[in-house]
Each structure stands twice: as structure tokens, then as C-alpha cells.
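Asker: My questions are about this predicted structure, shown below with the sequence.
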Amino acid sequence: MELALVIAVVVVALTFDYTNGFHDAANAIATSVSTRALTPRVALIMAAVMNFVGAFLGQEVANTVGSVISPPSGSQGLVVVMSGLLGAIAWNLITWYYGLPSSSSHALIGGLVGAALASGTLVEWSTVIDKVVIPMIVSPLFAFAAGFALMLAIMWLLRKRNPHKVNRNFRFLQTVSAAAMALGHGLQDAQKTMGVIFLALLAGGFVDQGDDLPLWVIISAASAISLGTYSGGWRIMRTLGRRIIHLDPARGFAAEAVAATVLYTTAFIYHAPISTTHTITSAVMGVGATKRFSAVRWGVAKSILAAWILTFPMAGAVAAAVYLICHFVFQLP
């Protein structure tokens, strides 16, 4: 029974990882595609490859995600983890359908917390507050301000240069910044799935707390997110690349450079599972605001903000409902 549940949780976790990939493909390449620095197909291939590579760059974020809840050993712990994953997948699909760039990361953690609360499982609130909630608030604000400041600096430094030549150079630089963004997405988001699979293996008794991630977990999570990225999330790509503001190559580069820097800093220094979606979207708004504040379509931004606020509680509510259905209807532990 437990082995079957472990296998089921791993399959569901990799399904979430796949939805994470196509939901968040826009994070890495929307700005490059919208400025025509890269063609959509080339951009997706590059993003998929860099996502795969990024998944091998560390385990700090995975360790943080694996410590958000302390599921009981055995079948009940496995049902809690699976319920959290199903809640996250449901919210990913809803926001993808409406083209809203919400956070797969916060959907996952919200789902785990919701399922834990419904089952009476211990939630490590200090980890949730320090590593999730505070970075969730700070990282978008910093990305907006840094994007605004970097773009102002670029505009001042290149104010006397030929605009056509400047755009051509920044289209080339966007290839580099998009690759860096995709690498950061793999570093952050693939590790989150690894952390959940580790939770399942821990509940099933296949690993002990403090063990390293098995190599097959890293490879499978990296592969799933890469395949999802390659399949592309075109609905969200249109929102991020054009509906917020029409970007030029310089602003696209600035947004990606800032977002990638935030992703690496939080992963390697703070070990915080931040949202790549929140980070790049805020950076896009920041660089866009340097044209004039009215150039940003704040109505679209308001819809995105609403999705951000709802993500954690809604994914948690769905996960809690899934757990209760599993427990009371299907008589699972």
C-alpha cells in the first residue's frame, strides 16, 4: 500500500513539475520573444535546456521546501503530500487558463500547508514566514525598484547613442539574459519538486532526514520541468510579454537581468523558494515605468496582483478539500 502511494505521489509531483514548466515558460522567454530577440521555438529550446542544467546547481531550495511541513510517516503522510500537490496543480491550471502569471511556487507551498492543516500535520510556521512569506513580499518590491533603477541608468548612459544600434546590441544581450533567467528558473522551481518528492520518500521510510537527494529525483524533476517548458505557456506569454507593457530590447534585457540576479541571490544565499513569476513580472513593471507610469497597463497589473494574493489560500483550500475527500470518502488514512 505504502509503496503504491509513494509511486503515485512521485508521479503527481512530476506532473506538477511539468505544469510548472509550461505555466512558467513565459518567465524566461516572454520578454525576448516579444522584442523579437529570439524566435519562439528557439527560445523554448534554450529555456528547456537551461532549466535542465539549473536543476543540478544546488539543493538548498529543495531542503527548504522539504521542511515546510513535517508529515507523519506512513500512508497518512503520503496522502497529505499528494493532496498538497493536487491543490497546486489545480491552481496552476486555473491561472494558466485565464493567462495570469501566478506563482507555481506559492501554489505548491500553499497546497502543502492547506493539506497539513486539514490533516492536523505539523506546519513549520517559522520556515513558512522566514523563507516564504517575507521573500514573497520583498522580492517583487526589490525587482520593481531594481528594474526601474537599472533602466534609468541604461537610458542615461546610452542617451547619445544611435537608437537603432542600441536596440540591435540589446537583442543580442537578451539572448544571454534570457538564458540566465531560464537557468535561475531551473535552479529555483525544479528544486521545489525535488523537495516534495523527498517528503514523500521520507514519509514512506525510503530516506532519512538529512540524507542527500537521490540522483534519480534530480534527473526526473529536471526532465519534467524541461519538457513542460518546451511545451510552452503561450497564454501567459502574451500577458507577460505584451499586455503589461510593450517592451523594447533594452527594457527586456534589464528586466531579465534583474530577475535572474534575484533568483540566484535568494537560492544560494537565503535558500528561499521565491516566485520566478512574481520576480520577472515586477521587474517588467519596473522597467516599463521608466517610459512613464501610465505606460504600464495597471488594470492588467491589478488582475495579476489579485492572482498573487489568492494563490496561497486558494491552493491551500483545494488541497485541504482533496485531503478531506481522500480521508472521508475514499477512506484513505
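Answerer: Sure thing, it's come through. As the structure is a prediction and not an experimental result, all values here were calculated from the model. Numbers count the residues shown, from 1 in each chain.

Asker: gap between Val217 and Asn162?
Answerer: Distance of Val217 to Asn162, computed by C-beta to C-beta, to the nearest Å: 51 Å. For glycine as for every other residue, the C-beta is placed from the backbone atoms N, C-alpha and C.

Asker: Specify which residue of these two has the higher count of neighbours.
Answerer: Val217 (24 against 9; other C-beta atoms under 10 Å).

Asker: so what does whichever strand or helix holds that one touch, helix or strand wise?
Answerer: According to DSSP states H and E, Val217 maps onto helix 215-231. Applying 3 or more C-beta pairs under 8 Å, 6 or more residues apart in numbering; DSSP states H and E, we find helix 215-231 packed against helix 2-34, helix 40-54, helix 191-203.

Asker: the inter-axis angle of it versus helix 2-34?
Answerer: Note on geometry: by axes from the mean of the first three to the mean of the last three C-alpha atoms, to 10 degrees, helix 215-231 and helix 2-34 are set 40 degrees apart in direction.

Asker: can I get the CA coordinates of helix 215-231 in PDB?
Answerer: Output in PDB follows, covering the C-alpha atoms of helix 215-231 (Å, rounded to 0.1, in the frame of the first residue of the first chain):
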ATOM      1  CA  LEU A 215      20.200  11.300  -8.200                       C
ATOM      2  CA  TRP A 216      17.100   9.900  -9.900                       C
ATOM      3  CA  VAL A 217      15.000  12.500  -8.100                       C
ATOM      4  CA  ILE A 218      17.200  15.300  -9.500                       C
ATOM      5  CA  ILE A 219      17.200  13.900 -13.000                       C
ATOM      6  CA  SER A 220      13.400  13.200 -13.100                       C
ATOM      7  CA  ALA A 221      12.500  16.600 -11.800                       C
ATOM      8  CA  ALA A 222      14.900  18.400 -14.200                       C
ATOM      9  CA  SER A 223      13.400  16.400 -17.100                       C
ATOM     10  CA  ALA A 224       9.800  17.100 -16.200                       C
ATOM     11  CA  ILE A 225      10.200  20.800 -15.800                       C
ATOM     12  CA  SER A 226      12.200  21.000 -19.100                       C
ATOM     13  CA  LEU A 227       9.600  19.100 -21.000                       C
ATOM     14  CA  GLY A 228       6.900  21.400 -19.600                       C
ATOM     15  CA  THR A 229       8.900  24.500 -20.500                       C
ATOM     16  CA  TYR A 230       9.400  23.200 -24.100                       C
ATOM     17  CA  SER A 231       5.600  22.700 -24.500                       C
END
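
Asker: Of the helices and strands packed on helix 215-231, which is nearest Ser75?
Answerer: helix 2-34 (5.7 Å; C-beta to C-beta).

Asker: tell me the strands in this structure, going along the chain?
Answerer: Here the chain has its strands, by DSSP state E, at 69-70, 122-123.

Asker: Neighbours of Arg41, how many?
Answerer: 11.

Asker: how many neighbours does Ala179 have?
Answerer: Neighbour number of Ala179 under other C-beta under 10 Å is 22.

Asker: Could you do Leu3 as well?
Answerer: The number of residues near Leu3, taken as other C-beta under 10 Å, comes to 10.

Asker: Look up how far Met82 lies from it.
Answerer: Going from Leu3 to Met82 by C-beta to C-beta gives 14 Å.

Asker: In space, what's closest to Tyr18 - neighbours in sequence excluded?
Answerer: In space, Tyr18 comes closest to Gly228 once its chain neighbours are excluded; the distance is 3.9 Å by C-beta to C-beta, 6 or more residues apart in numbering.

Asker: Relative to Phe56, how far out is the one you found?
Answerer: Taking C-beta to C-beta, one finds Gly228 at 17 Å from Phe56.

Asker: neighbour-wise, which of those two wins?
Answerer: Gly228 (26 against 15).

Asker: Check the contact between the more buried one and Phe16; I expect there is one.
Answerer: No - Gly228 is beyond contact range of Phe16, at 9.5 Å (criterion: C-beta atoms under 8 Å).

Asker: Burial-wise, tell me which of the strands of the chain comes out on top.
Answerer: Counting by mean count of other C-beta atoms under 10 Å, strand 69-70 has the highest mean neighbour count of the strands of the chain, with a mean of 20.
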